[in-house]
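Enquirer: this one's structure only:
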């Protein structure tokens, strides 16, 4: 199967033959890297493509680059810093699993089984 790609080099079109083992995206990025007039950050292009693909699936599918993924993993360990609860997210709802004795949640009356739907007028 061949593809004609124009616009990367105004003088000629590049024709590419793909076999089942080659990725169209990889080839396009190789062309950009080899022929585009400016330097490009291929990793950031990959990140953008992945982000776009996942955004088209549903509102809950997202791509997190490695640094953001590590930060998110730390946040999602089951703790809310500052209010003293352990929680789980089930069906897009924050469910309190346990309150920390003596913490702010105990003083506010938050307890296991509660669902947190809104914080400071921000709905989840």
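Expert: Sure thing, it's come through. Model, not experiment: these values are computed from the prediction.
Enquirer: biggest helix in this protein by residues?
Expert: helix 42-55 (DSSP state H).
Enquirer: how about the strands of this structure, start to end?
Expert: In the chain, the strands defined using DSSP state E lie at 2-5, 14-17, 79-80, 85-90, 93-99, 115-116, 118-119, 122-123.
Enquirer: tell me the domain ranges of the protein?
Expert: 2-69, 78-123 (automatic domain parsing).
Enquirer: worst average pLDDT in those domains?
Expert: With a mean of 76, domain 2-69 has the lowest mean pLDDT of these.
Enquirer: just want the most central residue of the chain.
Expert: residue 63 (2.1 Å; Cα atoms, centre = their mean).
Enquirer: so what's it closest to, chain neighbours aside?
Expert: Leaving aside its sequence neighbours, residue 63 sits nearest to residue 50 (Cβ to Cβ, 6 or more residues apart in numbering; 4.5 Å). For every residue, glycine as well, the C-beta is placed using N, CA and C.
Enquirer: can you tell me how far that neighbour is from residue 31?
Expert: Using Cβ to Cβ, to the nearest Å, residue 50 is found at 19 Å from residue 31.
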